[in-house]
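J.: What shape does this take:
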Amino acid sequence: MSPFIAINIILFSTLFFGFRPLTNPVYITGHIRLNPKDTSAYVQGLFVCVKGDGKILAKTFADSKGDFNLTFTPGKEKLFDFFCQGIAIDTLLLSSVTTFESDTPDMTFYIPAPTKKNTLGQTLCPKCKKADKVFKIAYGDGMPLKMDISKTGDTTYSNIVNGRYYVGTCLTGIAKYYCDRDKVKF
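T.: Numbering: from 1, shown residues only. A predicted model of the protein is given here:
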């Protein structure tokens, strides 16, 4: 092959495909299962989605057994967050994933997701892997609010009072914890 043809092929490829590397779609076969320690959830018909950089990349519904399929093409996202939502279930973070083992992963999520603790016994957020902004969720009618007034006179309110995140509903949900850093329930 002559150098002229090789240069033209490279130039044409660069112009046609651009400088962005090609990525393959990810075909996920997923399963939502009840956590053996808490079987109060209802997995049939759950809305399931995956987000990257705050944008929904794919969404679907789980079937009667909690199985689902998702397909999306990753872009520049560094983290993929899997959420579910359904009847009597708030939007829950199921898991955060940085990479996939293959283009066709088979993934199982538990609802509620099992929690991990650090060496001090504090619950870790499954997204940021930190415990300093994780609060136990308190359900109930009365919703206390913490009011802070800054030096400039601005007023802010918070649902976090005395180390608990108050949801403000008497309906007890599946979520046990809330991360104030990532604004997610799990």
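J.: Residue ranges of each domain in the chain, please.
T.: 1-114, 115-186 (automatic domain parsing).
J.: could you dump these to TSV with mean neighbour count?
T.: Placement of C-beta: from N, CA and C, glycine included. Shown next, in TSV, are the domains of the chain (neighbours: other Cβ atoms under 10 Å):
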stretch	mean neighbour count
domain 1-114	14
domain 115-186	14
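J.: Kindly reformat those as TSV and extend each row with mean pLDDT.
T.: As requested, the domains of the chain are exported to TSV (pLDDT from 0 to 100):
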stretch	mean pLDDT
domain 1-114	83
domain 115-186	84
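J.: residues contacting the spatially most central residue of the chain?
T.: With distances taken as Cα atoms, centre = their mean, D81 lies nearest the centre of the chain, 3.0 Å away. Applying Cβ atoms under 8 Å, 6 or more residues apart in numbering, we find D81 in contact with V50, K51, G52, L93, S95, S96, V97, K127, V184.
J.: run the last query once more with 10 Å
T.: Taking Cβ atoms under 10 Å, 6 or more residues apart in numbering, we find D81 in contact with 49-54, 57, 93-97, 126-127, 182, 184.
J.: again with K133
T.: Going by Cβ under 10 Å, 6+ apart, the list of residues near K133 reads C125, I160, Y178, C179, D180, R181, D182, K183.
J.: In strands only, show me these.
T.: Of these, the ones assigned to strands by DSSP state E are I160, Y178, C179.
J.: and which of the residues you listed is nearest to T29?
T.: Among the ones in strands among the contacts of K133, C179 lies closest to T29 (Cβ to Cβ), at 27.9 Å.
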